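>>> pasting a predicted model and its sequence here:
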Amino acid sequence: MAKVELFNLQAISLLCISFLCIGCAHSARDLPPDMSHLPPSMRLLAGDTESAEYKLDCKEINTALVNTRIHLKQIENDVLGFQSDNQKKGLIGITVFSPAMLLVGDNPALSKEYQECDQMRERLLRIAQARQCEIPQ
Amino acid sequence: MSFKFLVGSIAVSFLLSGCATWSQSQVSNPNTAVREIKQVSPDAVQLTEGDITSRPYTALGDLSVTVNKTTIFHPEPTKEMVDSKLKEEAAKLGADAVIYVRYGTVGVSALSWGSLDGKGRAVQFTGN
């Protein structure tokens, strides 16, 4: 009887993780609309012209772009650290103690920060391209 | 005993092996006006994080690819892997470049030890 209950617990844990873990990987943002029919100076999205970034000149945009890229890289490294922790928990869950898999979690704050930072990078790029600024690689 | 072994094996193989396919891809908003697909090598496809403003182009379709870590022993999916898959898919459409390349964040999913997705718009240059 105890064996059956233990087996049920393991099966339930595995099922739970299958459902809970969907969403741990966050999708790339949707692509902007096709603006190829517009001249480059007009390929801005709604909100770009009202943004704080729009007030920056080319040099400031370049600096902001470089900083944003550095920040994105840092967030990516944090996400990878989190991913590594999740994998350890998952492995322990499979090999040693299945409820440990329920500890595999998500970090929505980190993903949100990444998405916001990525959005900012793209806005800076759009503004820089609309103004024909030289973009740092 | 055999039932337990069977269920356990299925669950472990799903979680340990991840997806059966290493990567997935999808094309949305295909440009049906472009009828002739030209031969392009994936290596010749340019990737840009922003738009291309120096040359006119036609959008061929929006690409979406996902790269999965097949087993826990495989390396983590990287942006380079996503780039490579985007180039491959763009070449199939006869694209010269992929613009607006963007990535998701890596994470464990129900069927993979790690998956990373990327998106971009395949475009074909229409002039110099």
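Thanks, I have it. The structure displayed is predicted, hence computed values, not measured ones.

>>> does chain A sit close to the strand or helix carrying residue B:120?
Assessed by DSSP states H and E, residue B:120 sits inside strand B:112-125. Yes: using CB under 8 Å from any CB of the partner chain, strand B:112-125 reaches chain A at B:112, B:113, B:114, B:115, B:116, B:117, B:118, B:119, B:120, B:121, B:123. Every C-beta, even on glycine, is put in place using the N, C-alpha and C of the backbone.

>>> isn't residue A:92 right up against residue A:100?
Yes: with contacts counted by CB atoms under 8 Å, residue A:92 reaches residue A:100, the gap being 4.5 Å.

>>> buried ones in stretch A:58-66?
A:61, A:62, A:64, A:65 (16 or more other CB atoms under 10 Å in any protein chain shown).

>>> got the residues you listed as CSV, with pLDDT, secondary structure and distance to residue B:56 columns?
Shown next, in CSV, are these (pLDDT from 0 to 100; DSSP: H, G, I helix; E, B strand; the rest coil; distance: CB to CB, whole Å):
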residue, pLDDT, secondary structure, distance to residue B:56
A:61, 94, helix, 24
A:62, 93, helix, 26
A:64, 95, helix, 29
A:65, 94, helix, 25
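
>>> biggest separation within these, which pair?
A:62 and A:64 (7.3 Å; CB to CB).

>>> related to what we said a few turns ago, looking at the buried residues of stretch A:58-66, which is nearest chain B?
residue A:65 (10.1 Å; CB to the nearest CB).

>>> the closest one against residue A:133, yeah?
No: applying CB under 8 Å as the test, residue A:65 and residue A:133 come out as separate, 9.3 Å apart.

>>> now residue B:67, nearest residue through space, not along the chain?
Nearest in space to residue B:67, with sequence neighbours left out and distances taken as CB to CB, 6 or more residues apart in numbering or on different chains, is residue B:77 at 4.0 Å.

>>> next, the residue in chain B positioned nearest to chain A: phi, psi?
The nearest approach of chain B to chain A comes at residue B:107, 3.2 Å away (CB to the nearest CB). Phi and psi for residue B:107, reported as degrees, to the nearest 10, are phi -170, psi 160.

>>> so which bits of the strand holding residue B:120 are buried?
By neighbour count with 16+ other CB under 10 Å, strand B:112-125 contains the buried residues B:112-124.

>>> quick one, strands of chain B?
B:23-28, B:46-47, B:57-68, B:97-103, B:107-109, B:112-125 (DSSP state E).

>>> JSON lines for those, including mean pLDDT?
Formatted as JSON lines, the strands of chain B follow (pLDDT from 0 to 100):
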{"stretch": "strand B:23-28", "mean pLDDT": "82"}
{"stretch": "strand B:46-47", "mean pLDDT": "95"}
{"stretch": "strand B:57-68", "mean pLDDT": "92"}
{"stretch": "strand B:97-103", "mean pLDDT": "95"}
{"stretch": "strand B:107-109", "mean pLDDT": "71"}
{"stretch": "strand B:112-125", "mean pLDDT": "89"}
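
>>> out of the ones you listed, nearest to residue A:46?
Nearest to residue A:46, of these and by CB to CB, is strand B:97-103 at 16.5 Å.

>>> wait, residue A:51 sits on residue A:123?
Yes: counting by CB under 8 Å, residue A:51 touches residue A:123, with 6.1 Å between them.

>>> who has more neighbours, those two?
More crowded of residue A:51 and residue A:123, by other CB atoms under 10 Å in any protein chain shown: residue A:123, with 22 against 16.

>>> mind listing what that one touches?
A:45, A:48, A:51, A:53 (CB atoms under 8 Å, 6 or more residues apart in numbering or on different chains).

>>> at 7 Å instead, please
When contacts are counted by CB atoms under 7 Å, 6 or more residues apart in numbering or on different chains, residue A:123 touches A:48, A:51, A:53.

>>> output the lowest mean pLDDT helix or strand found in chain A.
helix A:2-20 (a mean of 57; mean pLDDT, DSSP states H and E).

>>> number of nearby residues for the nearest residue to residue B:118 once chain neighbours are set aside?
Residue nearest to residue B:118 in three dimensions, not counting chain neighbours: residue B:82, with 3.6 Å by CB to CB, 6+ apart. For residue B:82, the count of nearby residues is 25 (other CB under 10 Å).
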